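Participant: coordinates only, sequence not included:
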C-alpha cells in the first residue's frame, strides 16, 4: 500500500478527507483554494528545481543540492499537518538511501519559513501514523463527518455537508 505525502497531511487534517482521497475521490483540481496554492507554488522560487516526484509516492516542491527539501504553502492554517508531511518526505528519502538533512515549509505570501527536521522519536511516530493511515483507508465505509473550522475551505466540503 503506497502512502503519499497528501495522505500524511490529510491524516492530520481530517480522517474522512484521507479516506475519500484514498478511494479516488479527488476534488482538489476543481477547488479554488487548491488552484490558488498551485499558482503560488509555480509563481514562487522560479530558479529552483521544482516538483520532484519519487516513486509516484512523494512530490517535493523543490530541492536544494539534494540535501534540503522545500514545501511551499500559502498559509499556516494546517501547519502541523504540513510539518508531518515534510517529515514524511525526509523519512521516505532517508529510507531510500538519500541523505537529506532537513526541510523548510516556505510561506512566500507571508515571507516566512519554518525549518523542519526529523529525529528518531519522530521517525518512530511516523511508523505509527502510517499504520493508522493504512487502517483508515482500508475501512469499508468512510469515517463520520467532523465539523471543523477548516471545513469551509476544503475541496470535499460539498460532499460532506451539501
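Facilitator: Perfect, I can see it now. Owing to the predicted nature of the structure, the values given are computational and were not obtained by experimental measurement. Numbers count the residues shown, from 1 in each chain.

Participant: Name the residues that touch the strand or helix carrying residue 62?
Facilitator: Per DSSP states H and E: residue 62 is located in strand 58-64. For strand 58-64, the surrounding residues in contact (C-beta atoms under 8 Å, 6 or more residues apart in numbering) are 4-5, 41, 45, 48-54, 69-72, 88-89, 92-93, 106. The way it works is simple: take the backbone N, C-alpha and C, and place the C-beta from them, glycine included.

Participant: Go through the residues you listed and flag which are in helices.
Facilitator: Secondary structure defined by DSSP state H assigns 5, 41, 88, 89, 92, 93 of the contacts of strand 58-64 to helices.

Participant: wait, doesn't the last one sit right on residue 57?
Facilitator: No. Counting by C-beta atoms under 8 Å, residue 93 sits too far from residue 57 to count as a contact (10.5 Å).

Participant: can you map out the strands along this structure?
Facilitator: Along the chain, counting by DSSP state E, strands occupy 49-54, 58-64, 68-72, 102-107, 112-116.

Participant: least reliable of those strands going by mean pLDDT?
Facilitator: The weakest mean pLDDT among the strands of the chain belongs to strand 49-54, with a mean of 80.

Participant: Which strands or helices does it pack on?
Facilitator: Packing partners of strand 49-54 (3 or more C-beta pairs under 8 Å, 6 or more residues apart in numbering; DSSP states H and E): strand 58-64.

Participant: Select the helix or strand of the chain having the lowest average pLDDT value.
Facilitator: Taking mean pLDDT, DSSP states H and E as the measure, the chain has helix 32-43 as its least confident helix or strand, at a mean of 56.

Participant: Pick the one among the ones in helices among the contacts of strand 58-64 closest to residue 11.
Facilitator: Using C-beta to C-beta, residue 88 comes nearest to residue 11 of the ones in helices among the contacts of strand 58-64, at 9.6 Å.

Participant: For the residue nearest to that closest one when sequence neighbours are not counted, list the residues it contacts.
Facilitator: Leaving aside its chain neighbours, residue 88 sits nearest to residue 8 (4.3 Å; criterion: C-beta to C-beta, 6 or more residues apart in numbering). By C-beta under 8 Å, 6+ apart, the contact list for residue 8 reads 81, 84, 85, 88, 129, 133.
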